[in-house]
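Peer 1: Based on what follows, work out the 3D shape:
(3 chains)
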Amino acid sequence: MQPDFEEAVREVLTGLKPGDVVTYGEVAAEAGFPGAARAVGNILRGSDGLPWWRVVNAAGRLVPGHEREQAQRLRAEGIAVKNGKVSR
DNA sequence: TATCTGACGATAG
DNA sequence: CCTATCGCCAGAT
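Peer 2: Residues are numbered from 1 along each chain as shown, chains lettered A, B, ... in the order given. Model (predicted):
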């Protein structure tokens, strides 16, 4: 059966644990769709119930428009956020 | 099938 | 650090 992109991505995200941060590219690769980082962003944008705050871009930059919310959530999980970016 | 969009990525200036 | 441009992908129109 063919892999469903959205479903695979959802699995990866739901499998994340508190304190874990991944990039869109990592999620796409883990889901089995390397290079589909953009598509991953589209999913998070339209889907809900997923730990979107644990996903950042390759530069560690937070999600545009949700920096405040995301930074607060990440900090609550023990993740260091500096100037809108995640220290890794 | 063609075209556009976008919570991306990398590179260039 | 910033914007601009190109390449990539899945979904929508």
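
Peer 1: and the gap between the residue most central in space within chain A and residue A:65?
Peer 2: Nearest to the geometric centre of chain A sits residue A:55, at 1.9 Å (Cα atoms, centre = their mean). As judged by Cβ to Cβ, to the nearest Å, residue A:55 and residue A:65 stand 14 Å apart. Yep, even glycine has a C-beta here, placed from its N, CA and C like the rest.

Peer 1: Check residue A:23 too.
Peer 2: Residue A:23 is 18 Å from residue A:65, by Cβ to Cβ.

Peer 1: So for the two, which residue has more residues nearby?
Peer 2: More crowded of residue A:23 and residue A:65, by other Cβ atoms under 10 Å: residue A:23, with 19 against 9.

Peer 1: Let me see the contact set for that one.
Peer 2: By Cβ atoms under 8 Å, 6 or more residues apart in numbering, the residues touching residue A:23 are A:37, A:55-58.

Peer 1: which residues sit in contact with the residue in chain A that DNA strand C sits nearest to?
Peer 2: For chain A, the residue closest to DNA strand C is residue A:39, as judged by Cβ to the nearest atom of the strand, at 3.1 Å. With contacts defined as Cβ under 8 Å, 6+ apart, the neighbours of residue A:39 are A:5, A:28, A:33.
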